[in-house]
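Peer 1: predicted structure and sequence below. I'll ask about it afterward.
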Amino acid sequence: MAKVEVDIKKLLNAGAHFGHKTSKWHPKMSEYIHSKKDGNHIIDLTKTIVKLDEALSFITETVQSGRQVLLVGTKRQAKDILKQLAEDTGMPYVTERWLGGTLTNWQTISGRVKYLKDQEQKMESGQLAAKYNKLELQRFQEEIDDMNITFGGIKNLNGKPGALFVVDMVNEANAIKEARKINIPVVALADTNADPTLATYAIPSNDDAIKTIQLMASYVKEAIELGKAGQKVKSENNDKVEDK
(Lines give C-alpha, C1' and ligand atoms only; values in the text may rest on other atoms or scores of the structure.)
Protein backbone atom coordinates (compact mmCIF):
# COMPACT_ATOMS: atom_id res chain seq x y z
CA MET A 1 0.00 0.00 0.00
CA ALA A 2 1.30 3.46 -0.90
CA LYS A 3 2.28 5.61 2.06
CA VAL A 4 2.99 9.23 2.88
CA GLU A 5 6.67 10.14 2.91
CA VAL A 6 7.54 12.14 6.03
CA ASP A 7 10.53 14.51 5.97
CA ILE A 8 12.29 15.18 9.28
CA LYS A 9 13.78 18.41 7.90
CA LYS A 10 10.30 19.76 7.21
CA LEU A 11 9.25 18.87 10.75
CA LEU A 12 12.31 20.67 12.10
CA ASN A 13 11.74 23.76 9.96
CA ALA A 14 8.08 23.87 11.04
CA GLY A 15 9.06 23.83 14.72
CA ALA A 16 7.40 20.49 15.46
CA HIS A 17 10.08 19.78 18.08
CA PHE A 18 9.25 22.73 20.34
CA GLY A 19 7.34 21.59 23.41
CA HIS A 20 5.81 23.51 26.31
CA LYS A 21 7.58 24.89 29.36
CA THR A 22 9.09 22.16 31.50
CA SER A 23 6.75 23.10 34.36
CA LYS A 24 3.73 22.14 32.21
CA TRP A 25 4.92 18.74 31.06
CA HIS A 26 2.96 15.50 31.38
CA PRO A 27 5.11 12.65 32.77
CA LYS A 28 3.68 10.19 30.24
CA MET A 29 5.35 12.22 27.46
CA SER A 30 8.80 11.53 28.93
CA GLU A 31 9.75 8.88 26.36
CA TYR A 32 9.22 11.38 23.54
CA ILE A 33 11.23 14.23 25.07
CA HIS A 34 14.75 14.70 23.74
CA SER A 35 16.05 17.49 25.98
CA LYS A 36 15.40 20.86 27.59
CA LYS A 37 16.25 24.28 26.21
CA ASP A 38 15.56 27.71 27.70
CA GLY A 39 13.03 26.26 30.09
CA ASN A 40 11.11 24.34 27.38
CA HIS A 41 11.06 20.69 26.46
CA ILE A 42 12.35 19.60 23.06
CA ILE A 43 10.54 16.71 21.37
CA ASP A 44 12.54 13.86 19.82
CA LEU A 45 11.60 14.09 16.13
CA THR A 46 13.01 10.65 15.35
CA LYS A 47 10.20 9.27 17.52
CA THR A 48 7.72 11.71 15.98
CA ILE A 49 8.42 10.25 12.54
CA VAL A 50 7.78 6.69 13.74
CA LYS A 51 4.46 7.62 15.33
CA LEU A 52 3.45 9.87 12.43
CA ASP A 53 4.09 7.07 9.94
CA GLU A 54 1.85 4.73 11.95
CA ALA A 55 -0.90 7.36 12.27
CA LEU A 56 -0.89 8.30 8.59
CA SER A 57 -1.00 4.66 7.49
CA PHE A 58 -4.00 4.13 9.77
CA ILE A 59 -5.78 7.18 8.28
CA THR A 60 -5.16 5.85 4.77
CA GLU A 61 -6.53 2.41 5.74
CA THR A 62 -9.57 4.02 7.40
CA VAL A 63 -10.47 6.06 4.32
CA GLN A 64 -9.74 3.18 1.96
CA SER A 65 -12.29 1.10 3.90
CA GLY A 66 -14.92 3.76 3.15
CA ARG A 67 -15.04 5.36 6.58
CA GLN A 68 -14.74 9.07 7.40
CA VAL A 69 -12.16 10.92 9.48
CA LEU A 70 -13.66 13.63 11.69
CA LEU A 71 -11.24 16.58 11.91
CA VAL A 72 -11.28 18.39 15.26
CA GLY A 73 -9.49 21.62 16.14
CA THR A 74 -11.31 24.50 17.81
CA LYS A 75 -8.43 26.71 18.88
CA ARG A 76 -7.56 29.82 16.91
CA GLN A 77 -4.39 28.50 15.24
CA ALA A 78 -6.07 25.32 14.00
CA LYS A 79 -9.53 26.47 12.87
CA ASP A 80 -8.82 27.77 9.38
CA ILE A 81 -6.26 25.06 8.63
CA LEU A 82 -8.60 22.21 9.53
CA LYS A 83 -11.55 23.78 7.77
CA GLN A 84 -9.47 24.05 4.59
CA LEU A 85 -8.33 20.45 5.03
CA ALA A 86 -11.97 19.39 5.36
CA GLU A 87 -12.97 21.30 2.23
CA ASP A 88 -10.05 19.80 0.28
CA THR A 89 -10.82 16.23 1.31
CA GLY A 90 -14.59 16.24 1.82
CA MET A 91 -14.22 15.14 5.42
CA PRO A 92 -16.46 16.33 8.30
CA TYR A 93 -15.00 18.75 10.81
CA VAL A 94 -15.53 20.62 14.08
CA THR A 95 -13.70 23.93 14.35
CA GLU A 96 -16.11 25.80 16.61
CA ARG A 97 -17.13 24.71 20.11
CA TRP A 98 -17.37 20.94 20.56
CA LEU A 99 -21.03 20.21 21.22
CA GLY A 100 -21.49 17.62 23.95
CA GLY A 101 -23.04 14.46 22.53
CA THR A 102 -21.76 14.99 18.98
CA LEU A 103 -20.60 11.37 19.02
CA THR A 104 -22.31 9.81 22.04
CA ASN A 105 -25.76 11.25 21.31
CA TRP A 106 -25.68 11.21 17.52
CA GLN A 107 -29.40 10.46 17.23
CA THR A 108 -30.28 13.85 18.72
CA ILE A 109 -27.47 15.71 16.93
CA SER A 110 -28.38 14.17 13.58
CA GLY A 111 -31.96 15.37 14.08
CA ARG A 112 -30.71 18.95 14.33
CA VAL A 113 -28.52 18.44 11.26
CA LYS A 114 -31.50 17.08 9.32
CA TYR A 115 -33.57 20.11 10.35
CA LEU A 116 -30.78 22.43 9.15
CA LYS A 117 -30.57 20.66 5.79
CA ASP A 118 -34.36 20.78 5.40
CA GLN A 119 -34.45 24.53 6.14
CA GLU A 120 -31.63 25.18 3.68
CA GLN A 121 -33.44 23.21 1.00
CA LYS A 122 -36.67 25.10 1.62
CA MET A 123 -34.82 28.43 1.49
CA GLU A 124 -33.03 27.55 -1.75
CA SER A 125 -36.18 26.24 -3.45
CA GLY A 126 -38.19 29.34 -2.55
CA GLN A 127 -40.61 27.32 -0.45
CA LEU A 128 -40.12 29.60 2.56
CA ALA A 129 -40.24 32.77 0.47
CA ALA A 130 -43.63 31.73 -0.89
CA LYS A 131 -45.13 31.40 2.60
CA TYR A 132 -43.46 34.12 4.69
CA ASN A 133 -42.78 37.85 4.52
CA LYS A 134 -39.30 39.42 4.28
CA LEU A 135 -38.86 39.86 8.04
CA GLU A 136 -39.83 36.26 8.76
CA LEU A 137 -37.58 35.10 5.94
CA GLN A 138 -34.69 37.04 7.45
CA ARG A 139 -35.24 35.29 10.77
CA PHE A 140 -35.18 31.90 9.06
CA GLN A 141 -31.90 32.82 7.38
CA GLU A 142 -30.41 33.96 10.69
CA GLU A 143 -31.42 30.64 12.22
CA ILE A 144 -29.78 28.77 9.33
CA ASP A 145 -26.60 30.83 9.68
CA ASP A 146 -26.43 30.21 13.43
CA MET A 147 -26.99 26.49 13.00
CA ASN A 148 -24.29 26.31 10.35
CA ILE A 149 -21.78 27.68 12.84
CA THR A 150 -22.61 24.79 15.17
CA PHE A 151 -23.47 21.98 12.76
CA GLY A 152 -22.12 23.07 9.35
CA GLY A 153 -18.97 20.98 9.58
CA ILE A 154 -20.81 17.74 10.37
CA LYS A 155 -23.58 18.02 7.78
CA ASN A 156 -21.87 15.27 5.78
CA LEU A 157 -20.97 13.08 8.78
CA ASN A 158 -22.46 9.66 8.08
CA GLY A 159 -22.99 8.44 11.63
CA LYS A 160 -20.02 7.01 13.51
CA PRO A 161 -16.71 8.13 11.94
CA GLY A 162 -13.85 5.72 11.41
CA ALA A 163 -11.45 7.97 13.31
CA LEU A 164 -10.85 11.42 14.78
CA PHE A 165 -7.88 13.58 13.88
CA VAL A 166 -7.31 16.02 16.74
CA VAL A 167 -5.10 19.09 17.08
CA ASP A 168 -4.35 19.73 20.78
CA MET A 169 -5.35 16.84 23.02
CA VAL A 170 -5.76 19.05 26.08
CA ASN A 171 -8.01 21.57 24.37
CA GLU A 172 -10.13 18.85 22.74
CA ALA A 173 -10.40 16.62 25.82
CA ASN A 174 -14.21 16.35 25.52
CA ALA A 175 -14.06 15.16 21.92
CA ILE A 176 -11.44 12.55 22.80
CA LYS A 177 -13.46 11.40 25.81
CA GLU A 178 -16.55 10.85 23.67
CA ALA A 179 -14.57 9.00 20.99
CA ARG A 180 -12.99 6.69 23.57
CA LYS A 181 -16.39 6.00 25.12
CA ILE A 182 -17.73 4.51 21.89
CA ASN A 183 -14.43 3.02 20.68
CA ILE A 184 -13.59 5.45 17.89
CA PRO A 185 -9.82 5.51 17.26
CA VAL A 186 -8.17 8.87 17.92
CA VAL A 187 -5.19 10.24 15.97
CA ALA A 188 -3.83 13.30 17.75
CA LEU A 189 -0.94 15.70 17.98
CA ALA A 190 0.47 15.17 21.46
CA ASP A 191 2.43 18.14 22.83
CA THR A 192 4.52 17.77 25.98
CA ASN A 193 1.61 18.82 28.22
CA ALA A 194 -0.68 16.01 26.99
CA ASP A 195 -1.31 12.42 28.07
CA PRO A 196 -0.45 10.47 24.89
CA THR A 197 -2.09 7.29 26.20
CA LEU A 198 -5.52 8.85 25.63
CA ALA A 199 -4.99 8.69 21.86
CA THR A 200 -4.90 5.51 19.79
CA TYR A 201 -2.23 7.09 17.63
CA ALA A 202 -0.44 9.89 19.49
CA ILE A 203 1.96 11.96 17.40
CA PRO A 204 4.58 13.71 19.58
CA SER A 205 4.56 17.24 18.21
CA ASN A 206 4.12 20.92 18.89
CA ASP A 207 0.41 21.70 18.57
CA ASP A 208 0.52 25.51 18.72
CA ALA A 209 2.74 26.70 15.85
CA ILE A 210 0.77 27.44 12.70
CA LYS A 211 3.58 26.07 10.50
CA THR A 212 3.52 22.78 12.39
CA ILE A 213 -0.26 22.44 12.16
CA GLN A 214 -0.13 23.28 8.44
CA LEU A 215 2.54 20.64 7.82
CA MET A 216 0.67 17.99 9.78
CA ALA A 217 -2.54 18.87 7.94
CA SER A 218 -0.73 18.47 4.62
CA TYR A 219 0.41 14.99 5.64
CA VAL A 220 -3.11 14.06 6.74
CA LYS A 221 -4.48 15.38 3.44
CA GLU A 222 -2.05 13.17 1.53
CA ALA A 223 -2.99 10.16 3.67
CA ILE A 224 -6.70 10.75 3.01
CA GLU A 225 -6.09 11.13 -0.72
CA LEU A 226 -4.14 7.86 -0.80
CA GLY A 227 -7.04 6.19 0.99
CA LYS A 228 -9.52 7.52 -1.53
CA ALA A 229 -7.34 6.34 -4.41
CA GLY A 230 -7.11 2.90 -2.84
CA GLN A 231 -10.86 2.83 -2.31
CA LYS A 232 -11.38 3.66 -6.01
CA VAL A 233 -9.01 0.89 -7.14
CA LYS A 234 -10.72 -1.57 -4.80
CA SER A 235 -14.13 -0.62 -6.21
CA GLU A 236 -12.90 -0.98 -9.81
CA ASN A 237 -11.42 -4.41 -9.06
CA ASN A 238 -14.70 -5.54 -7.51
CA ASP A 239 -16.58 -4.36 -10.60
CA LYS A 240 -14.22 -6.37 -12.83
CA VAL A 241 -14.79 -9.48 -10.74
CA GLU A 242 -18.58 -9.04 -10.98
CA ASP A 243 -18.37 -8.58 -14.76
CA LYS A 244 -16.63 -11.93 -15.24
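Peer 2: Sure thing, it's come through.
Peer 1: buried sites along stretch 27-39?
Peer 2: Of the residues in stretch 27-39, M29, Y32, I33, H34 count as buried by neighbour count, 16 or more other C-beta atoms under 10 Å. In short, each C-beta sits where N, CA and C put it, glycine included.
Peer 1: sec struct for the most centrally placed residue in the chain, please.
Peer 2: Centroid-nearest residue in the chain: L71, 1.5 Å away (criterion: C-alpha atoms, centre = their mean). L71 falls in the strand class when you classify it by DSSP: H, G, I helix; E, B strand; the rest coil.
Peer 1: run a quick neighbour tally on the closest residue to it other than its chain neighbours.
Peer 2: With sequence-adjacent residues excluded and distances taken as C-beta to C-beta, 6 or more residues apart in numbering, L71 is closest to Y93, at 4.1 Å. Residues lying near Y93 (other C-beta atoms under 10 Å) number 24.
Peer 1: got a pLDDT number for Y93?
Peer 2: Listed pLDDT for Y93 reads 98.
Peer 1: same thing with I144?
Peer 2: Among the per-residue scores, I144 shows a pLDDT of 96.
Peer 1: which element, helix or strand, includes it?
Peer 2: Element membership for I144 (DSSP states H and E) is helix 134-151.
Peer 1: quick one, what contacts I213?
Peer 2: Residues in contact with I213, defined by C-beta atoms under 8 Å, 6 or more residues apart in numbering, are G73, Q77, A78, I81, V167, L189, D207.
Peer 1: what about it, distance to A129?
Peer 2: Going from I213 to A129 by C-beta to C-beta, to the nearest Å gives 41 Å.
Peer 1: buried stuff in the longest helix along the chain?
Peer 2: Ranked by residue count under DSSP state H, the longest helix found in the chain is helix 210-243. Counting neighbours by 16+ other C-beta under 10 Å, one finds that the buried residues in helix 210-243 are 212-228, 230-231.
Peer 1: before we move on, what about stretch 10-30?
Peer 2: So, applying 16+ other C-beta under 10 Å, buried residues of stretch 10-30: L11, A14, A16, H17, F18, G19, H20, W25, H26, M29.
Peer 1: repeat that for stretch 177-197.
Peer 2: For stretch 177-197, by 16+ other C-beta under 10 Å, it's 178-180, 184-196.
Peer 1: so M91, which of the three states?
Peer 2: Secondary structure assignment for M91 (three-state DSSP): coil.
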